[in-house]
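> need a 3D model of the sequence below.
(4 chains)
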There are 2 protein chains.
Amino acid sequence: MSSPIAEVPTSVEEDLGWALGVVFRRYAKAAGESLADVPGGPRGYQVLATANREGPRRQLELAGHLGVDRTVMTYLLDDLEKAGLVERQPDSTDRRARLIVLSDKGREVLCDLEKRLTTAERQVLDSLDEGERLMFRTLLQRVAVRAEASGHNADACTLAEELDENC
Amino acid sequence: MSSPIAEVPTSVEEDLGWALGVVFRRYAKAAGESLADVPGGPRGYQVLATANREGPRRQLELAGHLGVDRTVMTYLLDDLEKAGLVERQPDSTDRRARLIVLSDKGREVLCDLEKRLTTAERQVLDSLDEGERLMFRTLLQRVAVRAEASGHNADACTLAEELDENC
DNA sequence: TATTGTTATACTCTATAACTATA
DNA sequence: TATAGTTATAGAGTATAACAATA
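Numbering: from 1, shown residues only, chains lettered A, B, ... in the order given. Below you'll find the predicted structure:
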C-alpha cells in the first residue's frame, strides 16, 4: 500500500546504516508512545533505569551513558525531579557534583515502565523467533557496550584504509 | 577512562533501547565523518544507493524509504542535483511526480562512498567476528524490512496488554 | 587552571501550512 | 477532491557560551 521500495529484501551486505536507522526510529516511536506521560520520555526512563541499576551516579556520567549533552541532562533531571521521581543529592567526595538517586515513587514508576517497554520491544522484534531475539539482543548489546567503551573518542582511521569492493 | 558506567555488561534482558541508541549514534557519527563531503551526508548517500539499486523512484517513495519528510527530501535533492549527482526527470505516467535518477558522476561517486562506508561499518561491528557479523546483519535486516513493511502505521496495541515481569 | 552543573542564547533539524500543478 | 512537489515559516531539539562553585 505504502512504499513499494524494499519489499524485496535486499542483499545483507548493503545498507547497515539504513537498517539501523529504520529499527532505531521504529523503536523510538513505539517507546515514545508507550512512555508519553513520562517526563523526558524514553530518556527519562533511561535515567531511572540506569540510576536504579548502577546506583547513584553523577549527572555527567549519566549524560555520557545516555549520549546527551550535560545541558540536556540538566533539563531532563529538572523534569524528573519536579515529578518526584529522582533527587539530586550532594556528593560527599566532590561538592561540585550531584548524585542522582531514585525516590520510592521513582522505583514504583520504573517497574511499571519496564512492563510497558516490553510491549514496545515485542513489536519491534516481532519478525524474530525466540532464539533469534536472544541472539540479536546479545550481539547488539555486545556491539553497544564495546562502542561505549572504545567510545566517544572514535579511533576513526586507525585500522582501515585498504579496501577492495566490487562496485 | 571516560564513563565508568556499563563497563560491566548488563543483563541482555534490559535496555534494548539504550543499545540501539548507542549503536545508531556510533554508526551515524562514523558514517557522518566518512561522508562529510557528500551533499546531505549519510542521507545523501542513501538516496544515491537506493536510486542505484531500485532504479528511478519518486521523491515521495524515497522519502518514505529513508524515513524523512517530503519537504526534507526536496532540500536533499536540491543539494544532490546541484552537485550533479542526480537528476529530476519527469514521470511520464504522472506529470506531478519526479523520478530520481543517478547521473554518471553519481554512479562514480557512489562506488567510492561504498568503500568508505565499509570502513565505518567495520569500526562499529568491530567486536563481532565474521560469523557473528553476518548473523547480526541478517537479523537486523529482517527486523528493518519487516518494520518498514508493517511500517508507518504501527499497530501499537494490537498484540500486547498482558505482561508479567519480575520487577 | 580545570571541572561540575546551571542558565541563556543561538543554531540545526524537522515538521506545518500554504501554494502550484497536476490527477 | 486528493496528491506530488515546492516554498516559507514556526517549532522542537540540541549545542555553544558565559557563569558560579568547587577542585
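> tell me where chain A is predicted with low confidence.
For chain A, residues meeting the criterion pLDDT under 70 lie at A:1-14, A:151-167.
> who in chain A is up against DNA strand C?
Applying Cβ under 7 Å from any atom of the strand, we find that chain A lies next to DNA strand C at A:58-60, A:70-71, A:73-75, A:77-78, A:88, A:91, A:94, A:96-98. C-beta: built from backbone N, CA, C; applies to glycine.
> which of the residues you listed fall in strands?
Cross-referencing the residues of chain A next to DNA strand C against strands under DSSP state E gives A:58, A:88, A:91, A:94, A:96-98.
> whichever helix or strand residue A:123 is part of near chain B anywhere?
Residue A:123 is part of helix A:104-124 when elements are defined by DSSP states H and E. Yes - residues of helix A:104-124 contacting chain B under Cβ under 8 Å from any Cβ of the partner chain: A:110-111, A:114-115, A:117-119, A:121-124.
> my guess is residue A:65 meets residue A:51, correct?
No - applying Cβ atoms under 8 Å as the test, residue A:65 and residue A:51 come out as separate, 10.2 Å apart.
> which stretches in chain A count as helices?
Remark: helices assigned in chain A by DSSP state H are A:16-34, A:41-54, A:59-66, A:70-82, A:104-124, A:130-150.
> let me have these in JSON lines, extended by mean neighbour count.
Converted to JSON lines, these look like this (neighbours: other Cβ atoms under 10 Å in any protein chain shown):
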{"stretch": "helix A:16-34", "mean neighbour count": "22"}
{"stretch": "helix A:41-54", "mean neighbour count": "22"}
{"stretch": "helix A:59-66", "mean neighbour count": "20"}
{"stretch": "helix A:70-82", "mean neighbour count": "16"}
{"stretch": "helix A:104-124", "mean neighbour count": "18"}
{"stretch": "helix A:130-150", "mean neighbour count": "18"}
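> in JSON lines, list those helices along with distance to residue B:138.
Listed next are these as JSON lines, based on distance: least, Cβ to Cβ, whole Å:
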{"stretch": "helix A:16-34", "distance to residue B:138": "10"}
{"stretch": "helix A:41-54", "distance to residue B:138": "27"}
{"stretch": "helix A:59-66", "distance to residue B:138": "29"}
{"stretch": "helix A:70-82", "distance to residue B:138": "35"}
{"stretch": "helix A:104-124", "distance to residue B:138": "16"}
{"stretch": "helix A:130-150", "distance to residue B:138": "9"}
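> can you say which of those helices is nearest to residue B:144?
Taking Cβ to Cβ, helix A:16-34 is the member of the helices of chain A nearest to residue B:144, at 3.8 Å.
> quick one: contacts of that closest one?
Residues from elsewhere that reach helix A:16-34 (Cβ atoms under 8 Å, 6 or more residues apart in numbering or on different chains): A:41-42, A:45, A:113, A:116-117, A:119-121, A:123-124, B:16-17, B:20-21, B:23-24, B:27-28, B:31, B:42, B:45-46, B:49, B:66-67, B:117, B:121, B:124-125, B:137, B:140-141, B:143-145, B:147-148, B:154, B:156.
> what sits against the closest residue to residue A:68 other than its chain neighbours?
Sequence neighbours aside, residue A:43 is the residue nearest to residue A:68 in space, at 6.9 Å (criterion: Cβ to Cβ, 6 or more residues apart in numbering or on different chains). Applying Cβ under 8 Å, 6+ apart, we find residue A:43 in contact with A:66, A:68, A:76.
> of these, closest to chain B?
residue A:66 (7.7 Å; Cβ to the nearest Cβ).
> ok now the helix holding residue A:123, how far from the chain's centre?
Here helix A:104-124 is found 14 Å from its chain centre; the criterion is Cα atoms, centre = their mean, to the nearest Å.
> that helix packs against which elements?
In terms of contacts (3 or more Cβ pairs under 8 Å, 6 or more residues apart in numbering or on different chains; DSSP states H and E), helix A:104-124 is packed against helix A:16-34, helix A:41-54, helix B:16-34.
> let's see that with 7 Å instead.
Judged by 3 or more Cβ pairs under 7 Å, 6 or more residues apart in numbering or on different chains; DSSP states H and E, the packing partners of helix A:104-124 are helix A:16-34, helix A:41-54.
> list the contacts of it.
Applying Cβ atoms under 7 Å, 6 or more residues apart in numbering or on different chains, the external contacts of helix A:104-124 come out as A:23, A:26-27, A:30-31, A:34-35, A:38, A:45, A:48-49, A:52, A:84-86, B:16, B:143, B:147, B:160, B:163, B:165, B:167.
> just want the angle from that helix to helix A:41-54.
120 degrees (axes from the mean of the first three to the mean of the last three Cα atoms, to 10 degrees).
> between helix A:104-124 and helix A:16-34, how big is the angle?
Using the same axes, to 10 degrees: helix A:104-124 against helix A:16-34 is 130 degrees.
> give me the angle between helix A:104-124 and helix A:70-82.
Angle of helix A:104-124 versus helix A:70-82, following the same axes, to 10 degrees, is 120 degrees.
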